[in-house]
Structures are given as structure tokens and as C-alpha cells.
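# return a 3D structure for these sequence lines:
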Amino acid sequence: MLRKKILVVDDEQNILNYCRIDFEHEGYAVTTAENGEEAIMILGDNHFDLLITDLAMPGVDGIGVLRAAKKQYPEICAIILTGYGDMATAIEALRLGADDYLLKPCDTDEMLLRVARIFEKQEAFRKIKLYESILPVCCVCKSIRDDTGKEPGTGKWTQMENYIQDKGGVGVTSTYCPECAKKAKEELGRGLAE
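Next up, the predicted model:
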């Protein structure tokens, strides 16, 4: 599974350091920026799954960073960090597509919980989009024909789990439907009886 990539933007170095340590400990790939201008420059060259930005910064503020990120990557998720007096602006950020906001100073456990929830929501959304776009599926083995960049009908057939992992960057969990579970138990029972 690919590591989720987070861009943290704050003009307070200690916040950047704590976020880097906490997020990397959880297995995320973390990039930091000390101001909005630097963040926009980094966004120009890199894709991120999540943007965490301070709202009030000199120069380009968190709203400016959010707008630039959403313009370049409409599906990027975002958390706004705000002080108590900035609540009206935090609400504006939510209207512009931020997924959540946290009051500073932030509790580490609360931030990690909210980030995990955002990534769960993001993965579910990606799976849905991917499933909606899948057309050529074998009705017997459920393999998918990947016609990406090829003449329709000439693509390579691949297992559904591999296709979803390669194209969507999300893992697939496997289980039995009730009917298949019943058949598997019956076959196992017959095998043990023989």
C-alpha cells in the first residue's frame, strides 16, 4: 500500500516539527512548508493526499494555500489549523472545500484521529469512483480489461484486486458472500468426509 502524503504548512517551526514526528511515526510521508508561498511552490511539483495548513500566516494565508491546492488537485483533502478568533474564516475554508478544522494548540491524539478519518473517507471515495469507471469486467472470473492508453478492447486482463491497487492506490479486502461461504463449507465438509 502506498504511504499517504501530507503537506503541513505553518509559520511556527515547532508545530512543523511536532507534526512531522507524529505523522511519520504513524507511517505517513510528510513534507513541511514554513509559509504559504513555499507551500504553493511545493504543490506545483508534488501530489499530496492531505493538506494541513495554518489559517493565519504572513503573506499567503491558509485560504490562499487551500485555493491553490484545490485548483491543482480538486480531490486533495484539507485540515485548517486556526486560533479561536479566526472561526469565521475557518467556516469560509470549509465552504471552499476544507474537510475539517482544528483549534490551535491541537491535541496530538485528536489530530491523528481526524487525519485517519479523512484518509478512510478518501479511500472510500476513491474506491467508489474507481468502481463507477470500471466497464470491461469478466462475468465469470471478474478480471478487468485495462484499456488505458490502448484501442478499446485490446487492453490486458488483470485481477480486480491488482487493478484497483495499481489505478486507485487503495487496498481491497476480501471475504465470502453468504452463498459462497455456504458452498465453501459444503466442499470442505465433503473433503473431510472422504
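
# mind listing what's buried in the host helix or strand of Lys121?
Element membership for Lys121, per DSSP states H and E: helix 108-133. Of the residues in helix 108-133, Met111, Leu112, Arg114, Val115, Ile118, Phe119, Gln122, Glu123, Arg126 count as buried by neighbour count, 16 or more other C-beta atoms under 10 Å. Just so you know, the C-beta spots here come from the backbone N, C-alpha and C atoms, and that holds for glycine as well.

# ok, the fifth one to Gly153 distance?
When you say that, I think you mean Ile118. In this view, Ile118 and Gly153 are 38 Å apart by C-beta to C-beta, to the nearest Å.

# what of the first one?
For Met111, the distance to Gly153 equals 48 Å [C-beta to C-beta].

# do Asp100 as well
Computed with C-beta to C-beta, the distance linking Asp100 and Gly153 is 43 Å.

# which one of the two has more residues nearby?
Neighbours were counted for Asp100 and for Gly153 using other C-beta atoms under 10 Å; Asp100 has more, 17 against 8.

# and the pLDDT at the more buried one?
For Asp100, the pLDDT comes out at 91.

# against which helices or strands is the helix or strand bottoming out on mean pLDDT in the chain packed?
Ranking every helix and strand in the chain by mean pLDDT, DSSP states H and E puts helix 87-95 at the bottom, with a mean of 77. Packing contacts for helix 87-95, counted by 3 or more C-beta pairs under 8 Å, 6 or more residues apart in numbering; DSSP states H and E, involve helix 62-72, strand 77-82, strand 100-103.
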